[in-house]
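1. all I have is the shape, not the residue letters:
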């Protein structure tokens, strides 16, 4: 898991304090972020009909992550497939028993107003995806298998969160692991490490309950605490050292309640 | 006294997350006293985070979380900058920071205290205002027990919600918790203008909470603080449903599929089947169709809420406002109008023109 730490205090609590964990990124989120950028529809060239080709990374991403696949089957009808259950139904302009309907011509015309739409296939047989998005680690890994198979992009080159230069100057990004479990932190562990602290009445006491005293870290030889606190200097040591999460991270709100 | 705009996204922007942008709002190296801070999200990034926007101790005049030009959605899912998570707005006890939240898509099952946008913690009626405009909020299953759910919940705060589409929000637990599209609690004068709400769902529940409500005020000491105008509420699902509930008596020019749209200029009993382009789960589109009852049935709010869900200015031409977030007449291009005047099937005409 990568942590983005606050450098300097914003004021007294409940403002951010020096060393507060502002963001926490696990491998799932990092890989997903890069996959979504690689597969972004703006990188796809439209076919002669102004639609996205059926065989492209954007299509594979949406098929991997989406709840529903929609296929136009006539001028007024659309086939909806639940990609989790494979159940199929037909939607038309006439409301179904549960009130669902679609004016598919208007729907597609609206979607196609811009060139960076997510409609695939060919005119009259358009394909698109919708519903909930599932970016679980399993789905992200399956997508990355496809990305590595179909492009020159590799996981190994996309395993750092894309911090901006300003973030590298004004915050402090570090790489961590856990000695007590082999796998990376899950989403719940990330959420726990960036949660605020409240009193029993719901009043915010601290904007972050966890922090890292980075002043005590053993830094790479070419990096000093002064460098980290210099807002004009880009600092990124994430590829140089991995800190033990349990050893460096402390919880501030144990005595709040 | 300047507007300081920062870009947000993972493709070489100023900040990679909304959270990092918000955490830097007190940075004196970036902002001066009286500045207006603007964070602009880009749709080439996906924002998978739960965001807290604080009424932080600051000398800023205001802060706006929005979307960069040309990155705004077009009124349907997946067309703009999308936040997969929730937004929580809090205020400190000190000077309030005016927050505006605009143009984002907010989706996914993650919620804060049952809400996709939650602004009812640590607030009081003197704080704010909070403005929420041109948002898409959709596809969320609230599962948290012990709290009613909502697309947007406003607590003790002033301000307005305007020109938003809110749809497919459900509370799928079986406990006594209601579900709202928009919900107001406590004091603080608040308005909802030109919003369209559809498919708010409460499948089951106990007697303490079996309601699916489009736009509702829980009232404070028997007094309503939420006024709705030009709002369109379609179909809801649940043991008990109310399109509009508990609103201030000044509410008018609303449209409901049931009988709850009060006010002499409101429209009641208008079936959702005749209003929208699509109510299909996973492919919703709440733009209204030519036969919609909402067309030309709204009230002219002047320069309040005049930008519709397609970023069209209702004041640009002399029109009668529609009910809901979509202004049909502004959406119609010259080509569309020609198609309609010729009475052709719009898809056939569309294909001909495309060729």
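-> That came through, no problem. Since this is a predicted model, take the numbers as computed values, not measurements.

2. can you pull out the helices in the stretch 51-200 of chain A?
-> A:57-65, A:104-111, A:137-150, A:165-170, A:187-193 (DSSP state H, counting those that start in this stretch).

3. to residue B:272, which of the ones you listed lies closest?
-> helix A:104-111 (15.6 Å; CB to CB). In short, each C-beta sits where N, CA and C put it, glycine included.

4. circling back: save the helices of the stretch 51-200 of chain A as a markdown table, and put in mean neighbour count, distance to residue B:233 and mean pLDDT too.
-> Converted to a markdown table, those look like this (neighbours: other CB atoms under 10 Å in any protein chain shown; distance: least, CB to CB, whole Å; pLDDT from 0 to 100):
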| stretch | mean neighbour count | distance to residue B:233 | mean pLDDT |
| --- | --- | --- | --- |
| helix A:57-65 | 21 | 30 | 96 |
| helix A:104-111 | 22 | 21 | 95 |
| helix A:137-150 | 16 | 35 | 96 |
| helix A:165-170 | 19 | 42 | 96 |
| helix A:187-193 | 16 | 33 | 92 |
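
5. mind putting those into TSV with distance to residue B:321?
-> Formatted as TSV, the helices of the stretch 51-200 of chain A follow (distance: least, CB to CB, whole Å):
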stretch	distance to residue B:321
helix A:57-65	36
helix A:104-111	21
helix A:137-150	43
helix A:165-170	42
helix A:187-193	42
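
6. nearest to chain B, out of those?
-> Closest to chain B of the helices of the stretch 51-200 of chain A is helix A:104-111 (CB to the nearest CB; 3.2 Å).

7. SS state for residue B:169?
-> Counting by DSSP: H, G, I helix; E, B strand; the rest coil, the backbone at residue B:169 sits in strand.

8. count of neighbours near residue A:88?
-> 11 (other CB atoms under 10 Å in any protein chain shown).

9. look up how far residue A:79 lies from it.
-> According to CB to CB, to the nearest Å, residue A:88 stands 6 Å off from residue A:79.

10. tell me the pLDDT of residue 164.
-> You didn't pick a chain, so chain A it is. According to the prediction, residue A:164 has pLDDT 96.

11. switch to chain B, please.
-> 98.

12. the one 4 residues further on too?
-> Per-residue confidence for residue B:168 comes out at a pLDDT of 96.

13. can you tell me which residues contact residue B:82?
-> Listed by CB atoms under 8 Å, 6 or more residues apart in numbering or on different chains, the contact set of residue B:82 reads B:43, B:46, B:47, B:104, B:105, B:106, B:107.

14. which one of the helices of the stretch 51-200 of chain A lies closest to residue A:122?
-> Taking the helices of the stretch 51-200 of chain A one by one with CB to CB, helix A:104-111 is closest: 12.1 Å.

15. where does the prediction get shaky in chain B?
-> By pLDDT under 70, the weakly predicted segments of chain B are B:55-58, B:91-96, B:122-128, B:174-176, B:205-208, B:332-355.

16. same question, chain A
-> In chain A, residues with pLDDT under 70: A:179-182, A:254-257.

17. which neighbours do residue A:88 and residue A:79 share?
-> What both residue A:88 and residue A:79 touch, as defined by CB under 8 Å, 6+ apart, is an empty set.

18. which parts of the stretch 51-200 of chain B are helices?
-> Counting by DSSP H, counting those that start in this stretch, the stretch 51-200 of chain B contains no helices.

19. got the residues of it near chain A?
-> By the rule CB under 8 Å from any CB of the partner chain, the part of the stretch 51-200 of chain B lying against chain A is B:52, B:54, B:56-57, B:74-79, B:84, B:90, B:92, B:107-109, B:121-122, B:139, B:141.

20. let me see the contact set for residue A:225.
-> By CB under 8 Å, 6+ apart, the neighbours of residue A:225 are A:214, A:215, A:219.

21. so residue B:73 sits right up against residue B:83, yeah?
-> No: counting by CB atoms under 8 Å, no contact exists between residue B:73 and residue B:83, whose distance comes to 11.5 Å.

22. any idea where the strands of chain A begin and end?
-> A:2-6, A:21-25, A:66-72, A:78-82, A:88-91, A:120-122, A:125-133, A:171-177, A:197-198, A:204-206, A:210-212, A:242-244, A:249-251 (DSSP state E).

23. and the ones you listed: which comes nearest residue B:202?
-> Here strand A:125-133 is closest among these (CB to CB), at 18.2 Å.

24. quick one: contacts of that closest one?
-> Under CB under 8 Å, 6+ apart, the answer for strand A:125-133 is A:51, A:54, A:59, A:62-63, A:65-73, A:108, A:111, A:118-121, B:77-78, B:84, B:107-109, B:139, B:141, B:281-283.
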